[in-house]
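Undergrad: A structural model of the following input is requested.
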Amino acid sequence: MSPRAEPPEQRPLVIVVDDDGAVCNSLKFSLEVEGFAVRTYSSVGELLSDPDPETSSCLVVDFNLPGMSGLEAIAVLRARRVLVPAILITTHPSPAVRERAAQAAVPIVEKPFLGNALLDQIRIALDHCRHV
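TA: Numbers count the residues shown, from 1 in each chain. Now for the predicted structure:
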């Protein structure tokens, strides 16, 4: 059975956190077309109040979020033992952001998304999870 034919509860889940509703909607649509189940949040608060985030397969988190950066949100989740892979999305990351992301083992995909860069990183993250 192909991923697109699987019921939503059996598809890999991607959680998208971005305060830009257009980005969330666009990613939700394109990732669902690719066969993923997608849950979106417009804030870190929504993500952190999720009662079951550890069931997610992959996080896609914007760096520039109100109140807490995407990297800080990922650190909070990891401190809570939510160890799912995460991908940081941002525009023009500074060298300091790149270094912090590298230290946290979080790949960065720059906006605007070119080609399949984000989709490729999600697949790499999910493949890594299957082999750990």
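
Undergrad: what are the phi and psi values for residue 17?
TA: As for residue 17, its main-chain torsions (degrees, to the nearest 10) stand at phi -120, psi 110.

Undergrad: now it: how far from residue 115?
TA: Distance of residue 17 to residue 115, computed by CB to CB, to the nearest Å: 22 Å. Glycine gets a C-beta too; all of them are placed from N, C-alpha and C.

Undergrad: higher neighbour count, these two?
TA: The neighbour comparison of residue 17 against residue 115 (other CB atoms under 10 Å) goes to residue 17, with 24 against 7.

Undergrad: My guess is that one contacts residue 69. True?
TA: No - in this structure residue 17 lies outside contact range of residue 69 using CB atoms under 8 Å: 11.1 Å.

Undergrad: Now stretch 31-50: buried residues?
TA: Buried residues in stretch 31-50, counted by 16 or more other CB atoms under 10 Å: 31, 34, 36-44, 47-48.

Undergrad: how long is it end to end?
TA: Stretch 31-50 has an end-to-end distance of 20 Å (criterion: CA to CA, to the nearest Å).

Undergrad: And for stretch 76-90?
TA: 19 Å.

Undergrad: pLDDT of it, averaged?
TA: Average pLDDT, stretch 76-90: 92.

Undergrad: That one: how far from the chain's middle?
TA: 8 Å (CA atoms, centre = their mean, to the nearest Å).
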